[in-house]
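**Q** build me a structure from this.
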Amino acid sequence: MNKRLITAILLFASIYVKAQQKVIQLYDGAAPGSESWTWDEKQKDKNDKGQKFIYDVVHPSLEVFLPNPAIATGTAVIICPGGGFHLLDIDNEGHDVAKWLNQKGIAAFVLKYRLVHVLTDDPMQELNSKMQKGTFEELIKPIIPLAVADGLAAISYLRQHAAAYNISSSRIGIMGFSAGGTITASAAYKYNADNRPDFVAPIYAYMPPAFQSAIPVDAPPLFLAAASDDPINAHSIDLYDKWIAAKHQAELHLYAKGGHGFGMSKQNLPSDHWIDQFTNWLDLQGMLKPADPKVTARMEQFEKSRKAQDEQFHKDWAYIKRYENEDSKVPPPVKGEKRVVFMGNSITDFWKNIDSSFFYGRPYYDRGISGQTTGQMLLRFREDVINLKPSVVVILAGINDIAENNGPSKLEDVFGNIVSMVQLARVSHIRVVVSSVMPAYAFPWRPTIDPKPGVTALNIMLKDYCDRNGIVYLDYFTAMADNRRGLPANLSRDGVHPTLEGYKIMEPLAEKAIDEAMKRK
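**A** Modelled structure (predicted):
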């Protein structure tokens with residue numbers, strides 16, 4: 001990431017992290033029509049596909065995901081996950097979508113709407129059983145009006161409270177997946193001034209003709225996406241045809257493959273990019289141009305900075321010239337000097353600014369570069385490490401490879417790049433400390449990537465390599481990870497980059513590792 005962009009994220013992180021924790025109850029007390037419901041909402045953490053489900057929703061709510069205020073457009077999207085009115089695919093069709101939209105400056109609100117009461121602890125199996133028996137449609141019939149009412153209530157709530165969430169009352173849209181698409185499409189048919197959506201996006205919606213009615217004269221713009229190998233793709237085609245016939249604006253993306261329920265999952269198919277097409281469509285609607293002129297100015301500065309970064313990236317991919325002037329001024333080490341070079345990415349790069357006292361008065365040289373992958377560090381390893389002739393190099397790398405900053409990469413290749421740096425150092429008689437990859441629960445700049453599996457796997461590979469080759473392994477992860485395998489709020493404001501308190505934990509660990517490396521031959 002561009003250093004200026006990361007600085008902005010850190011500046012505003014405390015605001016939107018708190019906002020994401022906010023949950024809005026749509027009704028005071030029991031929701032109208034379900035006052036007699038006495039069961040409790042439940043969660044199934046993982047199914048056989050690794051998906052998290054919510055079921056038995058009784059009290060409809062909105063979970064708030066606000067964008068960085070520096071890029072907020074004023075546009076809001078209510079997201080309705082699917083699940084056959086028996087469950088909510090809360091991550092794949094909810095949270096992951098919200099995080100993506102946040103990166104585009106869009107406020108997102110994930111709706112938990114009322115569902116069929118599930119009688120077992122496996123809502124997906126129960127849903128599939130009802131579909132096979134042919135009882136599905138009859139059982140969901142009384143629930144659909146309640147769920148649609150929840151969607152309209154969500155629109156009305158946001159319109160009334162737009163200022164509180166820094167959104168425009170004329171830029172409130174709704175999108176939904178499968179059963180959530182039923183709610184979304186229904187909201188485009190019957191509404192009043194308070195709950196009319198400004199745009200709707202049913203994604204592989206379940207919306208048979210029986211659910212439809214006359215299209216209003218002021219019907220909102222419609223965005224649709226589905227796959228040809230989805231058994232209900234005809235519902236999306238039908239909606240598109242009717243919108244166009246009524247001379248309303250509509251856009252349909254019908255992918256050759258993708259199946260039903262692709263959401264934000266990656267299948268390496270063109271359907272993976274439906275979300276890009278949706279944001280492009282929003283841009284055409286004028287929804288990505290900030291309503292606030294001050295935000296426009298900030299975004300222009302962001303774009304200017306991004307273009308400068310792209311230019312530098314193409315001219316000097318590894319950023320070898322970043323420390324060229326500083327490296328030229330480093331004198332040869334004196335006898336007995338315990339010189340240390342810290343090689344890394346933004347976590348290392350920011351270290352000397354956030355806690356300069358750690359470097360002051362010591363022969364410690366910070367050579368971190370924000371956003372860098374291990375391949376880039378390997379290319380500049382001679383200039384920024386070997387030529388400085390340190391006694392020890394501390395390598396902290398790998399998180400940006402996992403974030404795919406320079407595109408997809410294999411963990412074996414990331415590991416190999418770190419091993420190559422170790423080998424170059426040892427041939428040059430430099431002792432080595434290999435650091436674990438830091439904990440990260442999510443990437444603010446790559447919301448669709450789950451860093452945890454990659455971090456865990458790479459750390460196992462690094463520790464095993466160090467143990468087998470007599471290299472000091474610096475375990476930041478164990479000392480700093482919380483129960484989610486991420487950085488706790490007091491150690492990081494954005495979940496990736498340490499605060500001063502975080503660096504204060506890292507520093508004695510680094511010093512101990514350096515002392516141990518100094519003793520080795």
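
**Q** how is this protein carved up into domains?
**A** 39-292, 318-519 (automatic domain parsing).

**Q** looking at those domains, which is nearest to Gly29?
**A** domain 39-292 (9.0 Å; Cβ to Cβ). In short, each C-beta sits where N, CA and C put it, glycine included.

**Q** looking at the chain, which helix or strand does the model trust least?
**A** helix 3-20 (a mean of 43; mean pLDDT, DSSP states H and E).

**Q** next secondary structure after it?
**A** strand 23-25 (DSSP states H and E).

**Q** what helices or strands is the next helix or strand after that next one leaning on?
**A** Where DSSP H and E defines the elements, the next helix or strand beyond strand 23-25 is strand 42-44. If contacts are counted by 3 or more Cβ pairs under 8 Å, 6 or more residues apart in numbering; DSSP states H and E, strand 42-44 sits against strand 53-55.

**Q** in its sheet, which strands sit next to the strand it packs on, and in what direction?
**A** strand 42-44 (antiparallel), strand 88-89 (antiparallel) (DSSP bridges).

**Q** what's the most buried one of these?
**A** strand 88-89 (a mean of 28; mean count of other Cβ atoms under 10 Å).

**Q** quick check, central residue of this structure?
**A** Pro447 (1.3 Å; Cα atoms, centre = their mean).

**Q** so who does Gln25 touch?
**A** Applying Cβ atoms under 8 Å, 6 or more residues apart in numbering to Gln25 gives the contacts His59, Pro60, Ser61.

**Q** distance of it relative to Gly368?
**A** Noted for Gln25: a distance of 44 Å to Gly368, by Cβ to Cβ, to the nearest Å.

**Q** picking that back up, pick the one among the contacts of Gln25 closest to Ile203.
**A** Pro60 (20.3 Å).

**Q** wait, that closest one sits on Tyr113?
**A** Yes - between Pro60 and Tyr113 there is a contact at 5.4 Å, judged by Cβ atoms under 8 Å.

**Q** neighbour-wise, which of those two wins?
**A** Using other Cβ atoms under 10 Å as the criterion, Pro60 and Tyr113 rank with Tyr113 on top: 28 against 23.

**Q** could you verify my assumption that the more buried one touches Ile183?
**A** Yes - Tyr113 lies in contact with Ile183 (Cβ under 8 Å); the separation is 6.3 Å.

**Q** any shared contact partners between those two?
**A** Common neighbours of Tyr113 and Ile183 (Cβ under 8 Å, 6+ apart) are Cys80, Ala147, Asp150, Gly151.

**Q** let's see which of those residues end up in helices.
**A** Ala147, Asp150, Gly151 (DSSP state H).

**Q** OK, contacts around the last one?
**A** So that's Gly151. Ile78, Cys80, Leu111, Tyr113, Ile174, Gly176, Ile183, Thr184, Ser186, Ala187.

**Q** now do the second one
**A** Residues near Asp150 by Cβ under 8 Å, 6+ apart: Leu26, Ala31, Pro60, Leu111, Tyr113, Arg114, Ile183.

**Q** dump those residues to a markdown table, plus pLDDT.
**A** Shown next, in a markdown table, are these (pLDDT from 0 to 100):
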| residue | pLDDT |
| --- | --- |
| Leu26 | 96 |
| Ala31 | 96 |
| Pro60 | 97 |
| Leu111 | 98 |
| Tyr113 | 98 |
| Arg114 | 98 |
| Ile183 | 98 |
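
**Q** tell me which of these is nearest to Glu324?
**A** Out of those, the member with the shortest distance to Glu324 (by Cβ to Cβ) is Leu111, at 52.6 Å.

**Q** the closest one pairs with what?
**A** Under the criterion used (DSSP bridges), Leu111 bridges to Leu62.

**Q** isn't it up against Cys80?
**A** Yes - at 5.0 Å, Leu111 counts as touching Cys80 under the criterion of Cβ under 8 Å.

**Q** shared neighbours, the two?
**A** In contact with both Leu111 and Cys80: Gly151, Gly180, Ile183, using Cβ under 8 Å, 6+ apart.

**Q** what's the nearest residue to the second one if we skip its chain neighbours?
**A** The shortest distance from Gly180 to any residue that is not its chain neighbour, by Cβ to Cβ, 6 or more residues apart in numbering, is 3.1 Å, and that residue is Cys80.

**Q** do the same with Asp218
**A** Arg196 (7.6 Å).

**Q** does the one you found touch Pro220 like I think?
**A** Yes - under the criterion of Cβ under 8 Å, Arg196 makes contact with Pro220 at 7.0 Å.

**Q** which residues of the stretch 251-400 of the chain score low on pLDDT?
**A** Low-confidence segments of the stretch 251-400 of the chain (pLDDT under 70): 292-306, 309.

**Q** where along it do the strands fall?
**A** 340-344, 364-368, 392-396 (DSSP state E, counting those that start in this stretch).

**Q** run a quick neighbour tally on the residue nearest to Asp218.
**A** With other Cβ under 10 Å as criterion, Arg196 counts 19.

**Q** what do you get for Ala425?
**A** 24.

**Q** where do the helices sit along the stretch 251-400 of the chain?
**A** Along the stretch 251-400 of the chain, counting by DSSP state H, counting those that start in this stretch, helices occupy 274-284, 293-315, 324-328, 346-349, 351-354, 374-379, 381-384, 399-402.

**Q** nearest to Thr499, of those helices?
**A** helix 351-354 (7.5 Å).

**Q** what does the pLDDT read for Lys44?
**A** With respect to pLDDT, Lys44 scores 85.

**Q** for it, give me its contacts.
**A** Lys52, Phe53, Tyr55, Leu87, Asp121, Asp122, Pro123.

**Q** so the third one is in contact with Gln125, correct?
**A** No - the pair Tyr55 / Gln125 is not scored as a contact, 11.6 Å apart, by Cβ under 8 Å.
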